[in-house]
Structures are given as structure tokens and as C-alpha cells.
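# Sequence and predicted structure are below.
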Amino acid sequence: MKASTIWDKCWLRRLVAAAFWIMVWQGVSLTLPTVLFAGPVPTVQRLLAMLPEKELWYSLCCSLGKVGTGFMLAFLLGTVFAIFSYHSRLIRLLLEPAVQIMKSVPVACFIVVALVWVRSDQISVLTAFFVVFPIIYINLSEGMHSVDRKMLEMAQVFRLSRRKSLQAVWLPAVMPYLLSACRVSVGMALKAGVAGEIIGLPRWSIGEQLYLSKLYLDTAGLFAWSLIIIALSLALEKLLLLAVARIQKQWGVPV
């Protein structure tokens, strides 16, 4: 097999890139004290030691449940308001300032203010919603406005049902925007939710575990939790994209 053909394989390029950054990680760890920067070996050892602990799994379940709740609320309401704003210029005009504020306000500032309104154990729900809603709303709005008017007119001429119009006209135009929103919003929801937990310190949360690792100067544990968050973000993104692809297949929309 030719070298160029081997290099074209996606998994090989990713493996080389990962190996490069692991070497950089190891090189940086050799130049700094362990208390400031843990290398890949201590981090993996700490991660393996954490896996049997019930605190890890309970914190993961609680945080993921709350972040997932905030994400789903933002996804549903973002979709509903995008549809309303598409049909009503007044609603679009009224929502624009709120969406711009949600896009512009730093997450840390919002978390501090939100802790006045809600209990600390609910902060990740509200923070995930705050970050995801504008992403879903803006992407779906742009997707709906990108629909070809001539295609809509053809659907009316041929008197297609709402289901057929949705399947043949709307979904093919909107799906690329929805996929883009999903890729961005899943990771953002998890990061924002964990940031809220670090400030609010609710019991049994990823944020609490990160704070405790920092408090006890457990740098390897801090890095291990960071790896867990990265892995969760990638896994959730893949699962969500698979769910969207399955919906596309059921509706007969080209993937």
C-alpha cells in the first residue's frame, strides 16, 4: 500500500495528531513541578484510581442529568421560538435583544447573577440553557430563512401535504444548520454547566470534584477530571449526531 494511501486514512491522521500533543504534554510536564502540571502518566494513573469510586459515577450522573435537562429545554424552546419568529416579524423583533444579550454576556457574570435566583444545585440547568438557546435559535432561524422560495411555491402548486413539504423542502435546508448547532452546543452546554458548578459548588457534581482537586493540590486529579469532561463532550456530540442522522433516515432526508 502506498504511503499516501495510508496517510489518507482519517484514523491515522488523528492518531498522529494525538501522539504529537501527548508528547508536548509530557515535555511540558518535565519542565514544571508536579504540583503545578501533571504529566500524562500520573493523570492516567489517577484516572484509573478514580474509576472504582462511587463519587465519580454519582457526580457524573447528577451533572449530566442537569446539563442534559438544560440542553433539552434550550433545544425545544429554541426550535419553537425560531418557528414563531420566522412567521412573525414582531416576535423576531422582540426576541432579538434577548438573544443578543445571551450571546454577549460572559458566562461567569451570568452564573454569579443566576445564583441569586436559583439554588446552587440547579445552576447547571440554567447555565446550559443560557448558552445553548441562542445557538439553536440563531442556527434554525438562518436555516429556515435559507429555504428556497421557489421550492415552497412548487410545493404549493403540487399541493403537497405538510408532511411531504417538511420532508422534501424544509428538512433538507434546515438539517445542515441543525447539525452545526448540535456540534457546537453540546460541548458548550457541558463546559458552561461545569463552570456553573465550580462557582455554585452543588453537592455531587463535576464542578465540586474539580474544585476539591484544586483545593487539595491534586493536579493529577484535576487533569483526570478534565480528560473525563473532554471524553464526555466527544461522546455526547457523537450520540446526538447519530440521533439526528437516524431522524434524517426515518424522514427520508439525505444524510
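Looks like it arrived, so ask away.
# So for the helix or strand harbouring residue 135, what gets flagged as buried?
According to DSSP states H and E, residue 135 maps onto helix 123-145. Of the residues in helix 123-145, 123-141, 143-144 count as buried by neighbour count, 16 or more other Cβ atoms under 10 Å. Heads up, the C-betas are built off the backbone N, CA and C, glycines and all.
# Ok, stretch 31-44 next?
37-39, 42-43.
# Cross those residues against helices and list the overlap.
Here DSSP state H is the test, and the buried residues of stretch 31-44 give 42-43 as lying in helices.
# Output the buried residues of stretch 31-44 in a markdown table, with pLDDT and distance to residue 68 appended to each entry.
Below are these laid out as a markdown table (pLDDT from 0 to 100; distance: Cβ to Cβ, whole Å):
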| residue | pLDDT | distance to residue 68 |
| --- | --- | --- |
| 37 | 92 | 32 |
| 38 | 92 | 29 |
| 39 | 92 | 33 |
| 42 | 94 | 31 |
| 43 | 95 | 26 |
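# Now stretch 232-252: average pLDDT?
The average pLDDT within stretch 232-252 is 82.
# Buried residues of it, list them for me.
232-233, 236-237, 240, 244, 248.
# before we move on, the earlier item: helices and strands around the helix holding residue 135, which ones?
Contact here means 3 or more Cβ pairs under 8 Å, 6 or more residues apart in numbering; DSSP states H and E; on that basis helix 123-145 packs against helix 54-87, helix 89-104, helix 107-117, helix 171-200.
# And those helices: which comes nearest residue 32?
helix 171-200 (22.8 Å; Cβ to Cβ).
# distance between the helix or strand just after that closest one and the chain's centre?
Counting by DSSP H and E, the next helix or strand C-terminal to helix 171-200 is helix 206-215. Offset of helix 206-215 from its chain centre (Cα atoms, centre = their mean, to the nearest Å): 21 Å.
# same thing with stretch 192-204?
16 Å.
# average model confidence for that stretch?
The model assigns stretch 192-204 a mean pLDDT of 92.
# Could you do stretch 62-74 as well?
pLDDT averaged over stretch 62-74 gives 95.
# picking up where we left off before, mind checking which of the helices and strands packed on helix 123-145 is nearest residue 27?
helix 171-200 (26.3 Å).
# Relative to residue 80, how far out is residue 99?
Note on residue 99: its distance to residue 80, by Cβ to Cβ, to the nearest Å, is 14 Å.
# Residue 209 reaches residue 228, doesn't it?
No. Taking contacts as Cβ atoms under 8 Å, residue 209 lies outside contact range of residue 228: 9.2 Å.
# Pull up the overlap in contacts between these two.
residue 56 (Cβ atoms under 8 Å, 6 or more residues apart in numbering).
# how about the closest residue to residue 240 other than its chain neighbours, what does it touch?
Leaving out its chain neighbours, the residue that sits closest to residue 240 by Cβ to Cβ, 6 or more residues apart in numbering is residue 182, at 5.0 Å. Shown in contact with residue 182 (Cβ under 8 Å, 6+ apart): 237, 240-241, 244.
# Residue 209 and residue 228: who's more crowded?
More neighbours surround residue 209 than the other of residue 209 and residue 228, with 26 against 19 (other Cβ atoms under 10 Å).
# on that earlier part again, out of the buried residues of stretch 232-252, who's nearest residue 25?
Distances from residue 25 to the buried residues of stretch 232-252, taken by Cβ to Cβ, are shortest for residue 233, at 18.3 Å.
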